[in-house]
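1. here you go, sequence then predicted model.
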Amino acid sequence: MSIPLVDLLGLSGGLFALGIFGIITRRNFILLLISVEIVMNAAILNFLAFAYYPPAPGLGGVTGQSVAVVLVGLAATEVAVGLAIVLALNRLRGTINVAEAIQLKL
Amino acid sequence: MTGIPPMAYLPEGFVLASTLLVFLADALGAQRRRVFGGISTLLLLGAFLLVLADLRVYPLAALATLPASLVGGPASGPIVFTSLGLIFQGLFLGVALLVALGSLSEGELDPGAAIFYGLLGLATLGMLLVAISADLIFLLLSIEVSTLSTYVLVGYVRRDSRGLEASMKFYIIGALSTAISFFGASLLYGAYGTTSLAAFAFPPAGGLGNLALVGFGLLMVGLGFKLTLVPFHMWAVDVYDGASPPVSALLSAGSKKMGLFAFFAVFIAVVHVFNATEGYALLVALGGLAVVTMTVGNLQALQQHNMKRLLAYSSISQAGYLLLGIAVATPAALSGATLLAVAHVLMKGGAFLVVGAATAAGVGVTIEEYRGLGRRLPVTALSFAILLLSLAGIPLTLGFVGKFYVFGAAVEAGGWFIFLAVAGLLNSALSVFYYGRILRIMYMADAPGEGPEPTREAPPTLGISSTRGVANAPPPRGGVLRAEIRTIGVARWGVILGCAVLTIAFGIYPTPLIHAFNAAAEQFLRLGY
């Protein structure tokens, strides 16, 4: 009936790896944002999974679920700031490619 | 949550009010920097005095008994007041005050002034909340409040594409570190069944499993980005370089101390558990990170030609000394690290403001252009020299006292910590080279094309300076000193001088600080949090 904990952790671990891989390889700011969000969602999934399967009876439960809700809000806030930076960058430099926007060096 | 009177949150309320009032004044049509800066400075000063009063009224011994009901395990609330937390709150407010005062001298009609002062308050609020958090999620969210404000602070100057690029890099790394921290926190929640920091001081049921180890490791990475530990430090140099000097001062002196306190709160208690169980590998990782951080920071600083980048690398190496205190994790080490943190606030905050002052006086970005600064801006250059000597750890400065206590605690702890202390000492010696080079350039070399006229005023050139009324001031009539104050602004001049004076004063007589920090550190460790 319910999904076992190992499956949930496997999924969140996969999402985490995918997100980190995306952050390392992508050069488009929007895609970077999406990659960061994927890592964030892996964390949210973990909180929900552990809220459902606490390490000991009586622990967990409502904490994990409420943290998950808060994290969804936090992720949205972060994206709002990120998109504002992308917009300003695009207006000033005409590109959202991170690799092309390099001025700061030795 | 019983036991904390609402009045205890007054400093946080003041800081929040400073943000809201600045934005309100902006909405009502205020335009002058003096208005925003005045509101912000007054309220921050009020909060600072309140925190100092808290520290005095509730003596440290009394505070030690207060949280017993609060740190009662998972059931306690997300907030706990500790003496060490209050000391760090004072530190954060000191940084905010220093930055607010120091940037009063920037352009009077700068359209970004409201954004700057408003977000300064918000960033400070996040730091204050970090210092009183007793719950991992609350801690990470507070860090986020502060970090989200600083992303914007770095790049708020509309037409400045360097600042924007710094903001972009800061954002990517910051968002990544946040996500990694929360992923680590979720694993810890899975291992412990709670997110209360107090619970982490005891191994979870069934021992410190892999889940908890990976969780702590990821948290170390995520918070390591904030503290600019070495494999995760690359962003810091670009960001400090691209941001305006007051914002760099806030990031280096304030945000980094926030990361330090987060490390304290998460790892100090756990270190004992690590020592006893299979978590020893993580302890070695902490010590190794400390040594690598100070060494790489110093070696990179040796090769820099740009003043801000040099200061950024030296700031990274200082993070290594601070982390050393956490790795040793005795009360003496903790109190030494706190002392070093105070020193670092004065030194780095002051140094970045000096860079801002030099920019206002028409000095460029490279170290070579500081040639002859000792003659053009005598007091500023002397203060800068004192701050640099303190950074290098020369005796009679607070930087020396801080390092002395951290290294002394490491030697006292014995074992392999002695190697950490030796590595720290060697690094201090290494850092003298690049700080000494700046001193030599400032004092020994003549200013370009200035040979025999020692009191020449800074050239009122440079396109950017034209908007800053101060740089265009008429030629000076008084002495060099008056010319200097007119060039860089009286508030900034006073703050820089104040940093240098405090560095020396506490360097000669650190006893009150040490007593207070020892008591606070012991209480912090006794709480098991």
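-> Ah, there it is. Keep in mind that what you see is a predicted model, and the values were worked out from it rather than measured.
2. count the neighbours of residue B:512 for me.
-> By other Cβ atoms under 10 Å in any protein chain shown, the residues close to residue B:512 number 9. (Each C-beta comes from the backbone N, C-alpha and C, glycine too.)
3. which helix or which strand is home to it?
-> Taking DSSP states H and E as the definition, residue B:512 sits inside helix B:511-526.
4. please save the CA atoms from that helix in PDB.
-> The C-alpha trace of helix B:511-526 is given here as PDB (Å, rounded to 0.1, in the frame of the first residue of the first chain):
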ATOM      1  CA  THR B 511      41.200  40.700  30.400                       C
ATOM      2  CA  PRO B 512      37.500  41.800  30.500                       C
ATOM      3  CA  LEU B 513      36.800  40.200  27.200                       C
ATOM      4  CA  ILE B 514      38.600  37.000  28.100                       C
ATOM      5  CA  HIS B 515      36.700  36.700  31.400                       C
ATOM      6  CA  ALA B 516      33.300  37.200  29.800                       C
ATOM      7  CA  PHE B 517      34.100  34.800  26.800                       C
ATOM      8  CA  ASN B 518      35.500  32.100  29.100                       C
ATOM      9  CA  ALA B 519      32.300  32.100  31.200                       C
ATOM     10  CA  ALA B 520      30.100  32.200  28.100                       C
ATOM     11  CA  ALA B 521      32.000  29.400  26.400                       C
ATOM     12  CA  GLU B 522      31.800  27.100  29.500                       C
ATOM     13  CA  GLN B 523      28.100  27.700  29.800                       C
ATOM     14  CA  PHE B 524      27.700  27.000  26.100                       C
ATOM     15  CA  LEU B 525      29.500  23.700  26.300                       C
ATOM     16  CA  ARG B 526      27.700  22.700  29.500                       C
END
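5. may I have the phi/psi pair for the residue of the stretch 101-250 of chain B found nearest chain A?
-> Per Cβ to the nearest Cβ, residue B:193 is where the stretch 101-250 of chain B lies closest to chain A, at 2.8 Å. Phi and psi for residue B:193, reported as degrees, to the nearest 10, are phi 80, psi 10.
6. shouldn't it be in contact with residue A:56?
-> Yes. With contact defined as Cβ atoms under 8 Å, residue B:193 counts as touching residue A:56 (5.7 Å).
7. who has more neighbours, those two?
-> Per other Cβ under 10 Å, whichever of residue B:193 and residue A:56 has more neighbours is residue B:193, with 24 against 11.
8. how near is that one to residue B:387?
-> Taking Cβ to Cβ, to the nearest Å as the measure, residue B:193 falls 47 Å from residue B:387.
9. which one is residue B:35 nearest to, not counting chain neighbours?
-> Distances taken as Cβ to Cβ, 6 or more residues apart in numbering or on different chains put residue B:25 closest to residue B:35, at 5.8 Å, once the chain neighbours are dropped.
10. where does the chain dip in pLDDT?
-> Since no chain was named, I'll use chain A. Scanning chain A for pLDDT under 70 picks out A:1, A:58-60, A:101-106.
11. oops, wrong one, chain B.
-> Short version for chain B, where the test is pLDDT under 70: B:1-5, B:56-76, B:108-109, B:158, B:205-207, B:269, B:272, B:275-279, B:445-478, B:527-529.
12. what residue lies at the spatial centre of it?
-> The centre of chain B sits closest to residue B:253, judged by Cα atoms, centre = their mean, with a distance of 2.1 Å.
13. correct me if wrong: that residue contacts residue B:351.
-> No. With contact defined as Cβ under 8 Å, residue B:253 does not count as touching residue B:351 (9.3 Å).
14. one step back: who's in contact with the closest residue to the residue nearest to the centre of chain B other than its chain neighbours?
-> Leaving aside its sequence neighbours, residue B:253 sits nearest to residue B:349 (Cβ to Cβ, 6+ apart; 4.0 Å). By Cβ atoms under 8 Å, 6 or more residues apart in numbering or on different chains, the contact list for residue B:349 reads B:95, B:98, B:99, B:102, B:249, B:252, B:253, B:499.
15. doesn't the fifth one belong to a helix?
-> Yes. Judged by DSSP: H, G, I helix; E, B strand; the rest coil, residue B:249 forms part of a helix.
16. residue contacts, residue B:324?
-> Contacts of residue B:324 by Cβ under 8 Å, 6+ apart are B:287, B:290, B:294, B:333, B:337, B:406, B:407, B:410, B:420, B:421, B:424.
17. so what's the second one closest to, chain neighbours aside?
-> It refers to residue B:290. Spatial nearest neighbour of residue B:290, chain neighbours left out: residue B:323 (4.0 Å); criterion: Cβ to Cβ, 6+ apart.
18. so how far is residue A:54 from the one you found?
-> Distance of residue B:323 to residue A:54, given as Cβ to Cβ: 33 Å.
19. just residue B:96 next, same as before
-> 40 Å.
20. between the two, which has more neighbouring residues?
-> residue B:96 (29 against 18).
21. my guess is the more buried one meets residue B:254, correct?
-> Yes. Residue B:96 is within contact range of residue B:254, at 6.8 Å (criterion: Cβ under 8 Å).
22. what do these two both touch?
-> Counting by Cβ under 8 Å, 6+ apart, the residues touching both residue B:96 and residue B:254 are B:123, B:124.
23. give me the phi and psi for residue 31.
-> This is for chain A. phi -70, psi -30.
24. not quite, go with chain B.
-> Dihedral angles (degrees, to the nearest 10) for residue B:31: phi -130, psi -20.
25. number of residues surrounding it?
-> The local packing of residue B:31 (other Cβ under 10 Å) involves 15 other residues.
26. the closest residue to residue B:123 other than its chain neighbours: helix or strand, and which one exactly?
-> Nearest in space to residue B:123, with sequence neighbours left out and distances taken as Cβ to Cβ, 6+ apart, is residue B:149 at 4.0 Å. Following DSSP H and E, the helix or strand that holds residue B:149 is helix B:136-155.
27. secondary structure element for the residue in the stretch 401-529 of chain B that chain A sits nearest to?
-> Minimum separation of the stretch 401-529 of chain B from chain A (Cβ to the nearest Cβ) falls at residue B:434, amounting to 15.0 Å. Using DSSP H and E, residue B:434 falls within helix B:417-443.
28. now for that helix, which elements pack on it?
-> If contacts are counted by 3 or more Cβ pairs under 8 Å, 6 or more residues apart in numbering or on different chains; DSSP states H and E, helix B:417-443 sits against helix B:280-302, helix B:307-328, helix B:373-376, helix B:378-392, helix B:398-413.
29. re earlier: look up how far residue B:512 lies from the residue nearest to residue B:253.
-> 21 Å.
30. next one: residue B:297
-> The gap separating residue B:297 from residue B:512 is 30 Å, by Cβ to Cβ.
31. before we move on, what about residue B:7?
-> 26 Å.
32. that older thread, check which residues of the helix or strand just after the helix holding residue B:434 are buried.
-> Scanning forward in sequence from helix B:417-443 by DSSP H and E, the next helix or strand is helix B:480-488. Residues of helix B:480-488 classed as buried: B:480, B:483, B:484, B:485, B:486, B:487, B:488 (neighbour count, 16 or more other Cβ atoms under 10 Å in any protein chain shown).
33. all set now, cheers.
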